[in-house]
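Chemist: have a look; sequence and predicted model below, questions after that.
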Amino acid sequence: MNRNLLLIAMLLLFSACESQLGTTITGAFSNIVSGKFTSSSSGDEAYSEMKSKMHSKESFESVTPTCVPVRSIDPILSTNTKNMSQIKDKLCSCSPWGTCDAKSCSCEKLCPNDFSIFKPVKELDAPEDTLSFTNYNNKFSSGLTYKGYCWGISLLTQRFNRMASFSPKKSKQFTTAGQDSNRIRFYKGIINRINNNEVVDIPGFANLKEFSEDPEVKDLLEDSVKDLWSENAMSSQGLAMVASAKTPEKDELNKMYDDIEFRLKNNLSPSIVYNLSDDRTDAHVLLVSASGVRAETGERYLCLRDNTFVASMSQNCNLKMIIKKDGTLVREMGDNKLIDPKTKLPVIPLKVGKVALAHSENTNTMEQISNLRDKCRNDKNCNASGNDVNKIIKGRH
């Protein structure tokens with residue numbers, strides 16, 4: 001099959017996400033010509049190696065006493081221990097992004113080179129951490145023709161959730177008259193940095209929903225979503241989805257669910273891509289926010305964060321992907337009272353065909369860990385000479 005045929009096949013993919021292709025054909029052809037057509041094996045290998053090391057570390061720490069920050073034990077080690085209240089005054093949090101500094105706690109603890117560098121979040125499906133527009137956004141439509149960019153929305157949401165912090169108490173930038181172009185440039189810079197997996201602080205906004213509701217920001221984010229769709233949907237994984245709708249074996253599904261649960265445990269909301277068993281060209285990409293097991297049947301499920309619907313639809317695990325007893329994979333949606341915004345009909349359970357983690361997942365995750373760790377080490381002054389507690393301890397011997 002020549003490259004032109006491959007391109008045509010992939011343009012048919014994600015028909016549920018993209019039915020008018022004019023705006024993204026250029027990006028798709030660019031991917032073919034440039035060879036941007038496969039996932040990164042180096043990212044997959046790096047992820048597997050880090051995951052293996054983290055499992056070993058957890059096993060070791062489960063039988064090893066927890067260390068106490070150096071400063072907190074100084075009063076105990078000193079000859080004058082009458083004022084024991086000093087101990088409480090000197091206690092601090094020796095954990096990723098904790099309140100200790102590098103003189104009190106090892107930089108390896110404060111800024112670990114593993115998945116724990118991702119900051120804990122209360123809920124991975126919180127509406128305030130979601131884009132204000134959905135896959136059925138008006139800007140993605142033309143007349144009666146539906147158009148959406150599910151992969152772009154999922155990826156952009158994930159990146160903001162992992163790499164952006166919001167500072168509502170800080171002033172918004174370039175708000176005075178005559179600064180429109182500077183303000184737009186500033187917002188573009190934020191989005192570009194997010195898409196480079198860089199750590200970004202966003203002043204003047206409380207969360208992603210509020211940020212994406214700003215009309216100027218919304219326009220820029222929608223453009224980014226379309227670009228991300230063409231960059232990521234047009235890939236070898238896309239071709240694989242067109243080629244087959246065969247559901248993986250149950251053992252393989254369980255292994256994938258195991259890995260997704262590991263990611264969720266480490267504050268990661270991974271993106272998955274799947275198609276339907278009765279229509280392999282009907283494919284979709286979404287985020288996973290939680291997992292569980294049905295008590296009555298023992299069936300495992302993933303909680304889905306679907307950009308097709310408004311954010312509240314995904315809360316409380318209303319949308320699930322379930323491994324059935326017979327090994328089939330099914331999407332169920334709450335009490336089946338949900339209405340499809342496209343057909344205006346009740347949503348019914350769907351039988352899933354092929355399913356996998358999105359091909360960009362591991363590469364993005366490893367880049368994000370590196371950039372988060374650099375930011376953490378800079379904030380904690382870990383790079384300054386003599387500021388690592390490990391060196392301080394060695395100097396005492």
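Modeler: Yes, it's here. Residues are numbered from 1 along each chain as shown.
Chemist: A helix includes residue 261, no?
Modeler: Yes - the assignment for residue 261 by DSSP: H, G, I helix; E, B strand; the rest coil puts it in a helix.
Chemist: quick one, what contacts it?
Modeler: Residue 261 makes contacts with residue 291, as judged by C-beta atoms under 8 Å, 6 or more residues apart in numbering. Just so you know, the C-beta spots here come from the backbone N, C-alpha and C atoms, and that holds for glycine as well.
Chemist: how far away is it from residue 302?
Modeler: Distance of residue 261 to residue 302, computed by C-beta to C-beta, to the nearest Å: 9 Å.
Chemist: tell me which element the nearest residue to residue 180 once chain neighbours are set aside is part of?
Modeler: Excluding its sequence neighbours, the residue lying closest to residue 180 (C-beta to C-beta, 6 or more residues apart in numbering) is residue 174, at 7.8 Å. Under the criterion DSSP states H and E, no helix or strand holds residue 174.
Chemist: re the thing from before, and for residue 261 and residue 302, which residues touch both?
Modeler: Between them, residue 261 and residue 302 share these contacting residues under C-beta under 8 Å, 6+ apart: residue 291.
Chemist: check which helices and strands the strand or helix carrying residue 209 is in contact with.
Modeler: Per DSSP H and E: residue 209 is located in helix 208-213. Taking 3 or more C-beta pairs under 8 Å, 6 or more residues apart in numbering; DSSP states H and E as contact, the helices and strands that helix 208-213 lies on are helix 150-163, strand 164-167, helix 215-233.
Chemist: where does the protein have low pLDDT?
Modeler: Applying pLDDT under 70 to the chain flags the ranges 1-40, 57-91, 138-148, 237-242, 334-348, 384-397.
Chemist: run me through the strand neighbours of the longest strand along it, direction for each.
Modeler: Secondary structure of the chain per DSSP state E: the longest strand is strand 279-293. Partners of strand 279-293 in the sheet, by DSSP bridges, are strand 271-276 (antiparallel), strand 300-305 (antiparallel).
Chemist: I'd like the next helix or strand past the last one.
Modeler: The one in question is strand 300-305. Remark: after strand 300-305, the chain's next helix or strand is strand 319-323, criterion DSSP H and E.
Chemist: okay, angle between that next one and strand 300-305 too, please.
Modeler: Computed by axes from the mean of the first three to the mean of the last three C-alpha atoms, to 10 degrees, the angle separating strand 319-323 from strand 300-305 equals 150 degrees.
Chemist: what sits up against strand 319-323?
Modeler: 250, 253-254, 257, 274, 294, 299-306, 309, 313, 329-334, 352, 355.
Chemist: what strands line up against it, and which way round?
Modeler: strand 300-305 (antiparallel), strand 329-333 (antiparallel).
Chemist: output the first one as CSV, restricted to C-alpha atoms.
Modeler: Once side chains and other backbone atoms are set aside, the C-alpha atoms of strand 300-305 remain, and they are given as CSV (Å, rounded to 0.1, in the frame of the first residue of the first chain):
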residue,chain,number,x,y,z
ARG,A,300,-13.1,-4.3,36.0
TYR,A,301,-14.0,-0.9,34.6
LEU,A,302,-12.4,2.4,33.7
CYS,A,303,-14.0,5.7,34.4
LEU,A,304,-14.0,7.8,31.2
ARG,A,305,-13.6,11.5,30.8
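Chemist: contact partners of that strand?
Modeler: With C-beta under 8 Å, 6+ apart as the contact definition, strand 300-305 has outside contacts at 124-125, 130, 254, 257, 260, 269, 272, 286-294, 314, 317, 319-323, 331.
Chemist: give me the buried subset of those residues.
Modeler: With burial judged by 16 or more other C-beta atoms under 10 Å, the buried subset of the contacts of strand 300-305 is 124-125, 130, 257, 260, 269, 272, 286-291, 314, 317, 319-323, 331.
Chemist: stretch 258-267: which residues count as buried?
Modeler: Neighbour counts using 16+ other C-beta under 10 Å place 260, 261, 263, 264, 266, 267 of stretch 258-267 among the buried residues.
Chemist: between these, which is nearest residue 187?
Modeler: Nearest to residue 187 out of the buried residues of stretch 258-267 is residue 267 (C-beta to C-beta; 26.4 Å).
Chemist: ok, the closest residue in space to that closest one that isn't next to it in sequence to residue 355 distance?
Modeler: With sequence-adjacent residues excluded and distances taken as C-beta to C-beta, 6+ apart, residue 267 is closest to residue 118, at 4.3 Å. Here residue 118 is placed at a distance of 24 Å from residue 355 (C-beta to C-beta).
Chemist: outline the domain layout of this structure.
Modeler: 3-35+130-238, 68-121+368-395, 241-360 (automatic domain parsing).
Chemist: what sits against residue 208?
Modeler: Shown in contact with residue 208 (C-beta under 8 Å, 6+ apart): 128, 129, 130, 131, 157, 160, 161, 164, 166.
Chemist: looking at this structure, which helix is longest?
Modeler: Using DSSP state H, we find that the single longest helix of the chain is helix 41-61.
Chemist: contacts made by that one with the rest, please.
Modeler: Residues outside helix 41-61 that contact it (C-beta under 8 Å, 6+ apart) are 113, 114, 115, 116, 262, 362, 363, 364, 365, 366, 369.
Chemist: again, only using 7 Å
Modeler: For helix 41-61, the external contacting residues (C-beta atoms under 7 Å, 6 or more residues apart in numbering) are 114, 115, 262, 362, 363, 365, 366.
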